[in-house]
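Enquirer: Curious how this folds, go ahead:
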Amino acid sequence: MYDIIIIGAGPAGLTAAIYALRSNKKVLVIEAKSYGGQIINAHKIDNYPGLPHISGFEYATKVYEQAKELGAEIVYETVTNITNEKEVVTNKNTYQTKAIIIATGALNKKLNLPNEKELVGKGVSYCATCDGHFYKGKIVAVNGSESHALSDALYLTDLASKVYLITDKDDFKENAKVVDELKNKNVEIILNSKITSLNGVDKLESITLNNDREISLDGLFIAIGQTPQNSVFSNLVDISDNGYIISPDGVHTKTEGVYVAGDAREKVLRQLTTAVSDGSIAAVTAIKEMN
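Expert: Residues are numbered from 1 along each chain as shown. Take a look at the predicted model:
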């Protein structure tokens, strides 16, 4: 019997583990792939207070080692079901617990182009607010069709010398006000277009569009959305239309003793700082309500 089982070993999940372990709780962290979550793909983190210029992998490793040193038990298994009796079923085992923290995060949607994976951190990014700082005075592009892409483009106008906004839509009518603001800045909006090629070996040098237009640039920010990994929890939590866990206060779910933290939940800002904050709040709340 565990006091707390945490599903997901990203920043939110590992932070929750650290807080729970420091309260002398017996903790199990279940991770399907590898510790660190999305942050391990960050070439550099420059917006986390006190740790400038650290790589995402280095940061994740430090947090992982801290949790292990405190006594965290971490297993690499895939959760397939959670029962109302607080039994967590994986592809290998069944575990019992008093409380559950869901911290499964969300995966960035990919363009699924050749070379995309190799160029992450070398000109390709999925987070403008995380990596935009590295492109001061440079030429960048944002690819996406929703408000998130427009926000990224607007954010980058204060950093980059030029911003291309590339979308497969023929207009942004629902965001006309933001579009008008972008048109008055260093932005070129390219409609009805898809990226068909990422060009470069050691770093991104240019992109090719479906009309064979090639654009030279230093950075590409892919903002086509995220895919939460929450369907397995649908019997215990409310899930929004876009797949995120709905929490009225950012930590509780509709099921007593089941909590949520990090990018798995509906929230305004998905950043390392907010993930760590979510993890600590979830753990402290679970401990308080357990006692």
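Enquirer: For the longest helix along the chain, list the C-alpha coordinates in CSV.
Expert: Using DSSP state H to define each element, the chain has its longest helix at helix 272-290. Taking Å, rounded to 0.1, in the frame of the first residue of the first chain, the C-alpha atoms of helix 272-290 are listed here in CSV:
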residue,chain,number,x,y,z
LEU,A,272,8.2,24.6,-16.3
THR,A,273,7.4,27.1,-13.4
THR,A,274,3.7,26.3,-13.4
ALA,A,275,4.3,22.5,-13.7
VAL,A,276,6.6,22.6,-10.6
SER,A,277,4.0,24.8,-8.8
ASP,A,278,1.2,22.3,-9.7
GLY,A,279,3.2,19.4,-8.4
SER,A,280,4.0,20.9,-5.0
ILE,A,281,0.3,22.0,-4.5
ALA,A,282,-1.0,18.6,-5.5
ALA,A,283,1.3,16.8,-3.1
VAL,A,284,0.6,19.2,-0.1
THR,A,285,-3.1,19.0,-0.8
ALA,A,286,-3.1,15.2,-1.0
ILE,A,287,-1.1,14.9,2.3
LYS,A,288,-3.4,17.3,4.1
GLU,A,289,-6.6,15.6,3.0
MET,A,290,-5.1,12.2,3.7
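Enquirer: For that helix, buried residues please.
Expert: Of all the residues in helix 272-290, those buried under the rule 16 or more other CB atoms under 10 Å are 272, 274-283, 285-287. Heads up, the C-betas are built off the backbone N, CA and C, glycines and all.
Enquirer: Surely Ala16 and Gly279 touch.
Expert: Yes: between Ala16 and Gly279 there is a contact under CB atoms under 8 Å: 4.0 Å.
Enquirer: anything in contact with each of the two?
Expert: With contacts defined as CB atoms under 8 Å, 6 or more residues apart in numbering, the residues adjacent to both Ala16 and Gly279 are Ile101, Ala103, Ala261.
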